[in-house]
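A.B. asks: no sequence for this one, just the structure:
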């Protein structure tokens, strides 16, 4: 067999700057997911700044998932301050996060990844795809609206503080959104069978995958870290059990679970969440998934787009439920007593578990900080999947493999701006 | 008439300002119909399938997000400028160097060493700089992130050949018009509103929170006068420094030097 090289210098329709380089040789396959996004050194310049800056600055790591950064930071800070946050505030935070899941997933499903299944170069290139582009933009608009009602604006919201919010959203504004949210929920349920009908190639998910799990709800802000291989640990223990590797071709560090002295790749994200928490979804969504013929657990990495559509429906249903049951919290924020300490927190960002750890001093300023975004946990997994795929499909022409590999990478919804912000333990 | 060719480019950033273009939602599809989006790597495949050759093509308008923080980027930017009739920057990174310009006042080799096990393999210039430090910029749009409506106004203005109607005055003007109680005067909060450009829609004061300057210094801001007021409230010089050193640190410091 002759050697083949597959190369994409700059991937399109993903967030951030990365490329793909693979070689199929007679005796082996090498695949590299090359992140060349410039590093920004958040953990370094956060040192000695206030804990509020941790909330406002880390949002700037990612324009698509700022709420994930704010939620993870604020929970870690509240853990250090031992703040008791009341239930209505927790529900508002869930609504805030649901808005972001909708906005981020709709962007990825309809505007970035969807065109792959229609042979289109963009969401607006082909007339026949425009209805899907419009639906995606409509969903995204509603997600953005929720984020703006609660946070002031969808990109880098400004309302989050330790204990709760600077100010509570108007109940009237929330209720005014209800009709459109209910309507979008109906559409999003139908979209699950649309996604299930897309033409997938077999790309087996045969590794460990990891998500939060909570006893009473589909995970967002709270829970233990679990996996399909029986992992069930606290947030702190999970962070202790993973290690980073720096790889020459990437400004993103690769994180692996340590087992018997060996680092194993794992997957975080919507596929992992749906597979590990399917029982927590409302019956109507479970039924829609079953009648669309989607096997649970989903065992094909390409089907991440279905998992995202399931979660869009879930986020709409949560938004409707929370607004219908909304009781205005007694206070916008619980009183937070500044105190020193260290805490780790993990929340479910749209793209998977996002880990923050902070050490604060007596004044509540950051002494040390660690941020592990979902994409830096998935980069090793992406390379493993590409290399396996190329081994099985080595006979195909290089040009076809290039497109297929790009599509596989896109299926992970990598957030490359996020992935370059990592610090050694 | 041929549709104007637009290129949307990204350097060091969070992608939030490009996202604000998508956040125009239905209006975005109208823009896609009225123009030829000739390059937009986040949204569409480049004709060469690789993304770089396209930079040598001609653009009627280049829209640039992100600051310059690597050697590679400074070269690519020159190519883009050379091939574009007009060039505008969107957001705090492209217009003011971004929050990553905080490295400019520190030692970047220490930053690398504290974040990466093999710091020498990481390419990063000692400074993160705005686009205007490298090439001529026809228009700068401020904000972290930009306001989508302002972007729409700037884009329409360029297509029509008129001057964009985006204010350069302070946030206070917007705040007073909205009738929001002053968090600085009444609340004694360290609000950067008097020296910050309007445009966000008065988000923070509306939440009873002090403005933290994400739209950058307004034209002719008297920063030291405001800092004296903050010091009168009891904030230390170092605390004042940190308030200005955020996503527009580069431009706030430049404005201070101008006095």
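C.D. replies: That came in fine, so what should we check first? Treat the numbers as computed from the prediction; the structure is a model and nothing was measured.

A.B. asks: beta-bridge partners for residue A:245, please?
C.D. replies: residue A:254 (DSSP bridges).

A.B. asks: local confidence estimate at residue A:312?
C.D. replies: Each residue has a pLDDT score; the one for residue A:312 is 98.

A.B. asks: residue B:8 in helix, strand or coil?
C.D. replies: Following DSSP: H, G, I helix; E, B strand; the rest coil, we place residue B:8 in the strand state.

A.B. asks: tell me how far it lies from residue B:189.
C.D. replies: Distance, residue B:8 to residue B:189, using Cβ to Cβ, to the nearest Å: 37 Å. Where C-beta positions appear, they are placed from N, C-alpha and C, glycine not excepted.

A.B. asks: do residue A:298 as well
C.D. replies: Separation of residue A:298 from residue B:189 (Cβ to Cβ): 49 Å.

A.B. asks: show me which of those two is the more surrounded one.
C.D. replies: With neighbours defined as other Cβ atoms under 10 Å in any protein chain shown, residue A:298 and residue B:189 compare such that residue A:298 has more, 22 against 18.

A.B. asks: please identify the helix or strand for the more buried one.
C.D. replies: Assigned by DSSP states H and E, residue A:298 falls within no helix or strand.

A.B. asks: same check, this time on residue A:69
C.D. replies: Residue-wise, residue A:69 maps onto helix A:66-81 under DSSP H and E.

A.B. asks: over to residue A:195?
C.D. replies: Here residue A:195 is assigned to helix A:178-196, by DSSP H and E.

A.B. asks: pLDDT weak spots in the chain?
C.D. replies: Picking chain A for this. A:1-2, A:246-253, A:421-425 (pLDDT under 70).

A.B. asks: nope, chain B
C.D. replies: Using pLDDT under 70, the flagged stretches of chain B are B:1, B:50-56, B:259.

A.B. asks: stretch A:391-402: end-to-end distance?
C.D. replies: One end of stretch A:391-402 sits 14 Å from the other (Cα to Cα, to the nearest Å).

A.B. asks: same deal with stretch B:174-182?
C.D. replies: OK, stretch B:174-182 end separation, Cα to Cα: 12 Å.

A.B. asks: please apply the same query to stretch A:386-402.
C.D. replies: The first and last residues of stretch A:386-402 sit 10 Å apart, counting by Cα to Cα.

A.B. asks: what does it contact?
C.D. replies: Residues from elsewhere that reach stretch A:386-402, judged by Cβ atoms under 8 Å, 6 or more residues apart in numbering or on different chains: A:1, A:4-8, A:20, A:22, A:24, A:29-31, A:33, A:203-204, A:404-405, A:408-409, B:49.

A.B. asks: ok, now with 6 Å
C.D. replies: A:4, A:6, A:22, A:24, A:29, A:31, A:203, A:405 (Cβ atoms under 6 Å, 6 or more residues apart in numbering or on different chains).

A.B. asks: ranges for the helices of the stretch 51-200 of chain A?
C.D. replies: A:51-59, A:66-81, A:87-106, A:130-151, A:171-176, A:178-196 (DSSP state H, counting those that start in this stretch).

A.B. asks: sorry, back to before: next SSE downstream of the helix holding residue A:195?
C.D. replies: By DSSP H and E, the next helix or strand past helix A:178-196 is strand A:208-213.

A.B. asks: pick out the residue nearest the middle of chain A.
C.D. replies: Centroid-nearest residue in chain A: residue A:351, 1.5 Å away (criterion: Cα atoms, centre = their mean).

A.B. asks: now stretch A:229-240, how far from the centre of its chain.
C.D. replies: 18 Å (Cα atoms, centre = their mean, to the nearest Å).

A.B. asks: before we move on, what about stretch B:64-81?
C.D. replies: Taking Cα atoms, centre = their mean, one finds stretch B:64-81 lying 15 Å from the centre of the chain it belongs to.

A.B. asks: can you check stretch A:139-156 too?
C.D. replies: 17 Å.

A.B. asks: quick check, that stretch touching chain B?
C.D. replies: Yes. Stretch A:139-156 is in contact with chain B by Cβ under 6 Å from any Cβ of the partner chain, via A:141, A:144, A:152, A:155, A:156.

A.B. asks: got the contact list for the third one?
C.D. replies: Going back to what we said before, that points to residue A:152. So residue A:152 contacts A:158, A:159, B:203 (Cβ under 6 Å, 6+ apart).

A.B. asks: can you list the residues you listed in a markdown table and add neighbour count and distance to residue A:68?
C.D. replies: What follows is the contacts of residue A:152, written out as a markdown table (neighbours: other Cβ atoms under 10 Å in any protein chain shown; distance: Cβ to Cβ, whole Å):
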| residue | neighbour count | distance to residue A:68 |
| --- | --- | --- |
| A:158 | 24 | 16 |
| A:159 | 26 | 15 |
| B:203 | 21 | 20 |
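
A.B. asks: out of those, who's nearest residue B:31?
C.D. replies: Of all the contacts of residue A:152, residue B:31 sits closest to residue B:203, with 24.9 Å by Cβ to Cβ.

A.B. asks: could you find the closest non-adjacent residue to residue A:123?
C.D. replies: Using Cβ to Cβ, 6 or more residues apart in numbering or on different chains and skipping residues adjacent in sequence, the residue nearest residue A:123 is residue A:133, 4.0 Å away.

A.B. asks: on the strand side of things, show who residue B:141 bridges to.
C.D. replies: Going by DSSP bridges, residue B:141 is paired in beta bridges with residue B:90.

A.B. asks: quick one on the thing from earlier: so how far is the helix holding residue A:69 off the chain centroid?
C.D. replies: 16 Å.

A.B. asks: next, the angle from that helix to helix A:87-106.
C.D. replies: If you take axes from the mean of the first three to the mean of the last three Cα atoms, to 10 degrees, helix A:66-81 sits at 150 degrees to helix A:87-106.

A.B. asks: point out the other helices and strands that helix A:66-81 packs with.
C.D. replies: Judged by 3 or more Cβ pairs under 6 Å, 6 or more residues apart in numbering or on different chains; DSSP states H and E, helix A:66-81 is in contact with helix A:51-59, helix A:87-106, strand A:341-349, strand A:352-360.

A.B. asks: now with 8 Å, please.
C.D. replies: helix A:51-59, helix A:87-106, strand A:160-161, strand A:341-349, strand A:352-360 (3 or more Cβ pairs under 8 Å, 6 or more residues apart in numbering or on different chains; DSSP states H and E).

A.B. asks: residues near whatever residue of chain A ends up closest to chain B, how many?
C.D. replies: Residue of chain A nearest chain B, by Cβ to the nearest Cβ: residue A:63 (2.2 Å). Per other Cβ under 10 Å, the neighbour tally for residue A:63 reads 27.

A.B. asks: could the contacts of residue A:152 go into JSON lines alongside distance to residue A:241?
C.D. replies: Formatted as JSON lines, those follow (distance: Cβ to Cβ, whole Å):
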{"residue": "A:158", "distance to residue A:241": "35"}
{"residue": "A:159", "distance to residue A:241": "34"}
{"residue": "B:203", "distance to residue A:241": "40"}
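
A.B. asks: just give the nearest non-adjacent residue to the residue nearest to the centre of chain A, would you?
C.D. replies: Using Cβ to Cβ, 6+ apart, the closest residue to residue A:351 is residue A:374 (4.2 Å).

A.B. asks: which ones are touching the one you found?
C.D. replies: A:268, A:269, A:349, A:351, A:352, A:353, A:354, A:415, A:418.

A.B. asks: pretty sure the first one is touching residue A:210, no?
C.D. replies: This means residue A:268. Yes. Under the criterion of Cβ atoms under 8 Å, residue A:268 makes contact with residue A:210 at 5.3 Å.
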